[in-house]
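S.K.: Next input, structure requested:
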Amino acid sequence: MSHRECTYCPEPGADVCVRMHVASSGSGGISVFAHAACAEQRGVQVLYRVLPERSEVTR
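M.R.: Below you'll find the predicted structure:
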């Protein structure tokens with residue numbers, strides 16, 4: 001199970017990215033994650049869905 005925290009609730013396992021904060025220095029940035037259902041309830045557009053980690057797929 002993913003340990004990404006949802007920005008809208010206290011449960012782990014966020015499965016979508018809803019926002020990205022890009023660093024001005026060009027060194028990547030910070031992604032903000034949520035559960036798809038939490039984002040949908042708030043009308044927040046999903047940028048991309050997070051794929052399961054390799055160990056999650058082989059279980």
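
S.K.: what about the longest helix in the protein?
M.R.: Scanning the chain for the helix with the most residues, using DSSP state H, yields helix 36-41.

S.K.: OK, contacts around the residue most central in space within the chain?
M.R.: Compute the mean C-alpha point of the chain, and by Cα atoms, centre = their mean the closest residue is residue 33, 2.5 Å away. Residue 33 makes contact with 4, 5, 6, 7, 14, 15, 16, 17, 18, 50 under the criterion Cβ atoms under 8 Å, 6 or more residues apart in numbering. All C-beta atoms are positioned from the backbone trio N, CA, C, and that covers glycine.

S.K.: Now the buried members of those.
M.R.: Buried by 16 or more other Cβ atoms under 10 Å: 4, 6, 7, 14, 15, 16, 17, 18, out of the contacts of residue 33.

S.K.: pLDDT weak spots in this structure?
M.R.: Within the chain, the ranges that satisfy pLDDT under 70 run 1-2, 26-27, 54-59.

S.K.: 50 instead, please
M.R.: Residues of the chain meeting the criterion pLDDT under 50: 1.

S.K.: Would you map the helices across it?
M.R.: Shown for the chain, the helices assigned by DSSP H span residues 36-41, 54-57.

S.K.: ok, back up a step: any idea what the residue nearest to the centre of the chain is bridged to?
M.R.: With DSSP bridges applied, residue 33 shows beta-bridge pairing to residue 17.

S.K.: Determine the number of other residues adjacent to residue 45.
M.R.: Counted with other Cβ atoms under 10 Å, residues neighbouring residue 45 total 9.

S.K.: any idea how far it is from residue 19?
M.R.: To residue 19, residue 45 is 9 Å away according to Cβ to Cβ, to the nearest Å.

S.K.: What of residue 3?
M.R.: For residue 3, the distance to residue 19 (Cβ to Cβ) stands at 19 Å.
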